[in-house]
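J.: quick one, what's the 3D model for this:
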Amino acid sequence: MQALTERVREWRQRGESVDFRGHPIHVFRREGEDYYSFVPMTFTGVSWCGTLPAPREKAKTIEYYVNAVDDSYQPQRTSTFRLPIKPEGVCEFPPTVEPAKAGAIKVFATNRKQGKKLDDAFALAGVTFVPLP
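T.: Here you go, the predicted structure:
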């Protein structure tokens with residue numbers, strides 16, 4: 001059995017956008033950006049959850065979708081959704097992530113052209129960005 005890191009590396013090198021561990025991934029970018037990044041999602045017992053880095057002011061809208069593998073091992077992708085970013089205090093449902101969890105976000109690149117850091121439209125404090133090899 002291949003080590004997980006080897007499988008993920010091969011999957012990312014092929015440009016596939018499905019996590020073969022069977023967990024969905026939350027794929028996102030600032031609207032208008034060329035490339036997406038993604039975060040793995042975890043099952044909370046009721047639903048799947050993925051924590052994105054906090055957007056900065058320059059990110060007016062985030063585009064995102066969710067990828068997963070179904071019971072027949074076929075990749076499934078939602079439509080792309082747009083999430084307008086509102087100033088603090090305006091949002092109907094404010095962020096509820098604990099600071100420790102927000103500081104432990106791991107974001108993966110989907111294209112080598114993304115370089116070695118996350119788009120500066122997102123807060124970088126405590127975020128680990130994993131570029132393609």
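J.: does residue 85 touch residue 58 like I think?
T.: No: taking contacts as C-beta atoms under 8 Å, residue 85 lies outside contact range of residue 58: 9.5 Å. Using the backbone N, CA and C atoms, a C-beta is placed for each residue, glycine as well.
J.: now do the helices in the chain.
T.: For the chain, the helices defined by DSSP state H cover 4-13, 99-102.
J.: now stretch 62-72 - C-alpha only, PDB.
T.: This file holds the C-alpha atoms of stretch 62-72, laid out as PDB (Å, rounded to 0.1, in the frame of the first residue of the first chain):
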ATOM      1  CA  ILE A  62     -14.900  33.800  -3.100                       C
ATOM      2  CA  GLU A  63     -15.700  31.100  -5.600                       C
ATOM      3  CA  TYR A  64     -15.900  27.500  -4.300                       C
ATOM      4  CA  TYR A  65     -17.100  24.000  -5.000                       C
ATOM      5  CA  VAL A  66     -16.800  20.600  -3.300                       C
ATOM      6  CA  ASN A  67     -15.400  17.500  -4.800                       C
ATOM      7  CA  ALA A  68     -15.900  14.000  -3.500                       C
ATOM      8  CA  VAL A  69     -15.900  10.300  -4.500                       C
ATOM      9  CA  ASP A  70     -19.200   8.600  -4.400                       C
ATOM     10  CA  ASP A  71     -19.900   5.000  -3.300                       C
ATOM     11  CA  SER A  72     -19.100   3.700  -6.800                       C
END
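J.: now do that stretch: everything it contacts.
T.: Stretch 62-72 is touched from outside by 17-20, 22-31, 36, 38, 41, 48, 50, 52, 55, 75-83, 85, with contacts defined as C-beta atoms under 8 Å, 6 or more residues apart in numbering.
J.: done for today, thanks.
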